[in-house]
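Trainee: Sharing a sequence plus its predicted fold:
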Amino acid sequence: MCVRRFLLAVFVLILLFVAGAFAVYQFGSSFLVKQAAPSGHFEAPPAQTGPDYVQTENWLSLPDTVPPGPAEWLPAGIAAPEGARPVAVFYVHPTTYLQKDRWNAPLSDPESQNRATLFVRSQASAFNGVGQVYAPKYRQAAFGAFLLRSEDAQKALDLAYSDVARAFDRFLAQVPEGPIILAGHSQGALHLTRLLRDKVAGKPVATRVVAAYVGGWPVSVAADLPAMGLAACERPDQARCVTSWQSYGEPANTQLVTDVYDGSTGFTGQPRRREDMLCVNPLTGSRNGVAPASANLGTLVPNTALTEATLQPGSVGARCDKGFLVLDGDIPSMGPYVLPGNNYHVYDYALFWANLRQDAQRRLAAWQAR
């Protein structure tokens, strides 16, 4: 894929924020709901018709393929990693299916699959310095499912998760030992939280986890993490922990999230409270961290012609404030797709791409030492 096409897609198709934004999930306007809600009722597909993850065609990115998978992409100025990369990375992409003709995307839809591939390039690539990425295709819930609280919407999310869970089983069969990283964003991060609860907590695989990157989705330290099997990432030199962040510019209006999040039921059965929302600052690697723009090793931004991707260091600072990551500094022009309330949800990875790359390396060292 040519550089221009890639950048154009990553930084223009990033407008897909509606597909995974927690705020839109709960508070889409009545017009948006009417326009986006999938038609008809959810219809369960026939049994045994889901993707077979033994087949390479059901993965967006796999190690050791020719040509290299999209997760091997790197921005200009970043050299390809040398030496062994001991980590196996399981990455779950955000929503890319925008149609409303059905509740779950078919894997045969080229448009949504091309978008998913682009997100693998721009997000999962942050981890290719320490590991090789396994990124499954899955029958993602259509973005309209995030606008409704209904039985149909829940069934669509459950179907999507069932694919992710089976892909994870295959992933573990392929890499039965050694360190692993789990990463996702938006809908992918939602499925990742369930995966941690169902497939990691209390099981031997939990000892293999370097870190879980739950980007762009709220997690309660008190009501979710105890059931997810991993602690919060309190320090940058900590392994076997969960990092989560939700990015906002100033002035930050987080009410669309907190009004719904506050009091909702967590994985433990206890109510979530906004004061328990996990925020790990990607710039510091620490819970409730604060860092100036000078600590930012590189924000992934395009040039004005969208012909090159470069890392711009030292522009974006951030601090955790009441569970949210609030930005400061001279934020570069990322595009016009910031949500209401200065919500930078769609840029959660791009804003801190180089620091996330460093964070993975640091946590791997901590895992190895442990």
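Mentor: Looks like it arrived, so ask away. All values derive from a computational prediction rather than experimental measurement. Numbering: from 1, shown residues only.

Trainee: CA only for contacts and neighbour counts going forward, please
Mentor: Will do.

Trainee: which regions of the chain lie under the pLDDT threshold?
Mentor: Scanning the chain for pLDDT under 70 picks out 1-36, 147-148, 302-309, 335-337.

Trainee: Which parts of the stretch 251-370 of the chain are helices?
Mentor: Remark: helices assigned in the stretch 251-370 of the chain by DSSP state H, counting those that start in this stretch are 255-261, 353-369.

Trainee: In terms of secondary structure, what does the first one contact?
Mentor: Contacting helix 255-261 under the criterion 3 or more CA pairs under 8 Å, 6 or more residues apart in numbering; DSSP states H and E are the following elements: helix 22-27.

Trainee: The nearest residue to P106 once chain neighbours are set aside sits in which helix or strand?
Mentor: Counting by CA to CA, 6 or more residues apart in numbering, P106 lies nearest to R139, which is 5.9 Å off, once chain neighbours are set aside. Counting by DSSP states H and E, no helix or strand carries R139.

Trainee: could I get the helices of the stretch 251-370 of the chain as TSV with mean neighbour count and distance to P226?
Mentor: Below are the helices of the stretch 251-370 of the chain laid out as TSV (neighbours: other CA atoms under 10 Å; distance: least, CA to CA, whole Å):
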stretch	mean neighbour count	distance to P226
helix 255-261	17	18
helix 353-369	20	20
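
Trainee: Return the residues in contact with the residue nearest to P106.
Mentor: N104, A105, P106, L107, L159, A160, D163 (CA atoms under 8 Å, 6 or more residues apart in numbering).

Trainee: swap in Y53?
Mentor: Taking CA under 8 Å, 6+ apart, we find Y53 in contact with W59, P136, R166, A167, R170.

Trainee: got a winner among those for most neighbours?
Mentor: P136 (27 neighbours; other CA atoms under 10 Å).

Trainee: Would you mind confirming that that one makes contact with L60?
Mentor: Yes: at 5.6 Å, P136 counts as touching L60 under the criterion of CA atoms under 8 Å.

Trainee: quick one: the nearest residue to T56 once chain neighbours are set aside and L339, what's the gap?
Mentor: With sequence-adjacent residues excluded and distances taken as CA to CA, 6+ apart, T56 is closest to L62, at 7.8 Å. Applying CA to CA, to the nearest Å, the value for L62 to L339 is 33 Å.

Trainee: same thing with N128?
Mentor: 29 Å.

Trainee: Could you check which of the two has the larger neighbour count?
Mentor: When neighbours are counted by other CA under 10 Å, N128 and L339 differ, and N128 comes out ahead with 22 against 17.

Trainee: Output the contacting helices and strands for the one helix or strand V164 maps to.
Mentor: Assigned by DSSP H and E, V164 falls within helix 151-174. Contacts defined by 3+ CA pairs under 8 Å, 6+ apart place helix 151-174 against strand 87-92, strand 131-136, helix 187-195.

Trainee: Could you save those as TSV and add columns showing distance to A295?
Mentor: Below are those laid out as TSV (distance: least, CA to CA, whole Å):
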stretch	distance to A295
strand 87-92	26
strand 131-136	24
helix 187-195	26
